[in-house]
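1. need coordinates for the below:
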Amino acid sequence: MRVVKIMFIIMILIMLPFALCTGGAQEKEVITWVGQCQFPAGSIEYDAFKKACDLINLQSAGRLVIKPNSAGSIVAATKQFDAVDSGTLDFALDTSAYWRDKWLVAPLFDMQIAGMSAAEHYLWFLEGGGAELAREMVGDKYNVYITKAAFLFPPEIFLSTVKPINSISDIKGMKIRTAGDDGEVFSKMGASLTMIPGGELYEAMSRGTIDAFQFMSPAGDTSIGLHEVVKYLYLSPVRQPCSMSMVIVNKSKWEKLPVDLQEVVQTSFLSEAWHFYGRVAQADAEAIQKYQAKGVKIGHPPKEVENAMEKLAGEMYKERSAEDPFYAKVYESKRKWKEMIDSVYNKL
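-> So this is what the prediction gives:
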């Protein structure tokens, strides 16, 4: 009997390590997320998005597997918010300019005409209450969580055109693709507006469907060949001093994600965001040479056009603030943040 007991104990000791290993393997849950970027495949923006996703895979030690997709792969770039809300996408890198059909104030989280610089805007979002205001805007109506992760962009091209702009009168009747608040300003100048996904701009310009567009910075536009279909490139930070795309996540998926993995998602994107910003700034300078090689005329828009845009935008923002208390809350938050920065540094 004693021998039997001893053998039993030995068997337990032999099997115990295997049991522990098996149990440990079962505890390692692998979570898979499918995401999409608002930018097309081949663009410098999509490459950065993919780098951030790869970093999440690495930093999570395989616990969170991210499957990135370019614009239009699963849903239209302009419908990513709705796809995240419904669960078709687990997350997306998206611009709030595309959410204007839900909230008039939404584009202010992306950019502001004649507003803050890129660094000022990003710091407002991270530390000045911007992210919290974005979450307040979305509220409980949508199953979408606004993270503090975002990609920051240098000033965009003022306008890429096939027609010269020598005065405000040249804007009148021009068919322009735009996605932000500047559309309303261009409209007040007499332009005819349309919204076309970035991936369709090359064909639209080639066919003459539109005369001009704003999309990205020189590096972003040249990465998908848009320098091949324009004759004039107008550069100025007035229309869009910066822009920012946020990482949005299906709220139910976010709440189920362990806290440490939530941090991995946010810090991975924040880390890549600054590297991306530096690469874009350098790439923009290099991209100008591609325009020059194609014979594109490069310059600044007339001062009267810049001044008119700033004036009309200021009037627009004040009118909206008077009509919408929440719009006024966001606008005032940004104004106070910029005022604080200007009082110390003049500009960041």
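2. where's Y277 relative to G198, distance?
-> Y277 sits 19 Å away from G198, going by Cβ to Cβ, to the nearest Å. Every C-beta, even on glycine, is put in place using the N, C-alpha and C of the backbone.
3. neighbour count for these two, which is higher?
-> Remark: of Y277 and G198, G198 carries more neighbours, 24 against 19, as counted by other Cβ atoms under 10 Å.
4. grab the nearest non-local neighbour of the more buried one.
-> Leaving aside its sequence neighbours, G198 sits nearest to F215 (Cβ to Cβ, 6 or more residues apart in numbering; 5.2 Å).
5. shouldn't the one you found be in contact with D221?
-> Yes: with contact defined as Cβ atoms under 8 Å, F215 counts as touching D221 (5.8 Å).
6. looking at the two, which is more packed in?
-> Using other Cβ under 10 Å as the criterion, F215 and D221 rank with D221 on top: 29 against 20.
7. what ranges does the chain have for its strands?
-> Under the criterion DSSP state E, the chain contains strands at 31-37, 64-69, 91-95, 144-153, 157-161, 175-177, 192-194, 212-213, 232-235, 243-250, 297-299.
8. give the contact list for the residue nearest to Y327 when sequence neighbours are not counted.
-> Spatial nearest neighbour of Y327, chain neighbours left out: V105 (4.4 Å); criterion: Cβ to Cβ, 6+ apart. The contact partners of V105, by Cβ atoms under 8 Å, 6 or more residues apart in numbering, come to M137, R320, D324, F326, Y327, V330, Y331.
9. want to throw the residues you listed into CSV with neighbour count and pLDDT?
-> Output for those, formatted as CSV (neighbours: other Cβ atoms under 10 Å; pLDDT from 0 to 100):
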residue, neighbour count, pLDDT
M137, 21, 98
R320, 18, 96
D324, 15, 96
F326, 14, 97
Y327, 20, 97
V330, 24, 98
Y331, 19, 97
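10. give me the subset of these lying in helices.
-> Taking DSSP state H, the ones among the contacts of V105 that sit in helices are M137, R320, F326, Y327, V330, Y331.
11. verify the contact between F213 and E200 for me.
-> No: counting by Cβ under 8 Å, F213 does not reach E200; the two are 10.4 Å apart.
12. show me the contacts for the residue sitting nearest the centre point of the chain.
-> Nearest to the geometric centre of the chain sits S245, at 1.6 Å (Cα atoms, centre = their mean). Neighbouring residues of S245 by Cβ under 8 Å, 6+ apart: Q38, L93, D94, T95, D110, A150, F151, F153.
13. just W103 next, same as before
-> By Cβ under 8 Å, 6+ apart, W103 lies in contact with M137.
14. residue ranges of the helices in the stretch 151-300 of the chain, please?
-> For the stretch 151-300 of the chain, helices defined by DSSP state H, counting those that start in this stretch occupy the ranges 182-188, 201-207, 218-223, 251-256, 259-293.
15. can I get the first one as CSV, trimmed to CA atoms?
-> Extracted C-alpha coordinates of helix 182-188, given in CSV (Å, rounded to 0.1, in the frame of the first residue of the first chain):
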residue,chain,number,x,y,z
ASP,A,182,-12.6,75.6,-45.5
GLY,A,183,-15.3,74.2,-47.9
GLU,A,184,-17.8,76.7,-46.5
VAL,A,185,-15.3,79.5,-46.8
PHE,A,186,-14.5,78.6,-50.4
SER,A,187,-18.2,78.4,-51.0
LYS,A,188,-18.6,82.0,-49.8
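16. now do it, average pLDDT.
-> On average, the pLDDT along helix 182-188 is 90.
17. with the second one instead?
-> Helix 201-207 shows a mean pLDDT of 94 in the predicted model.
18. which elements pack onto it?
-> Judged by 3 or more Cβ pairs under 8 Å, 6 or more residues apart in numbering; DSSP states H and E, helix 201-207 is in contact with strand 212-213.
19. what lines up beside the strand it packs on in the sheet?
-> Here strand 212-213 is paired, per DSSP bridges, with strand 157-161 (antiparallel), strand 175-177 (parallel).
20. where does the residue nearest to G198 land on pLDDT?
-> Note on F215: pLDDT of 87.
21. and it, how far from V265?
-> 27 Å.
22. just A219 next, same as before
-> 26 Å.
23. which residues touch S243?
-> Contacts of S243 by Cβ under 8 Å, 6+ apart are T95, A97, D110, M111, L152, F153, E156.
24. neighbour-wise, which of these leads?
-> When neighbours are counted by other Cβ under 10 Å, F153 leads these with 28 neighbours.
25. skipping its backbone neighbours, what lies nearest it in space?
-> S243 (4.5 Å).
26. and stretch 241-258, what's buried?
-> Residues of stretch 241-258 classed as buried by neighbour count (16 or more other Cβ atoms under 10 Å): 241-251, 253-254, 257.
27. just stretch 175-194 next, same as before
-> Here stretch 175-194 shows 175-186, 189, 191, 193 as buried, counting by 16+ other Cβ under 10 Å.
28. and L261, how many neighbours?
-> Counted with other Cβ under 10 Å, residues neighbouring L261 total 18.
29. ends of stretch 207-217, how far apart?
-> Terminal residues of stretch 207-217 lie 22 Å apart, using Cα to Cα, to the nearest Å.
30. which residues sit against that stretch?
-> Applying Cβ under 8 Å, 6+ apart, the set of residues contacting stretch 207-217 from outside is 39, 43, 45, 153-163, 174-180, 182, 194, 196, 198, 201, 203-205, 221, 226, 239-240, 280, 284, 287.
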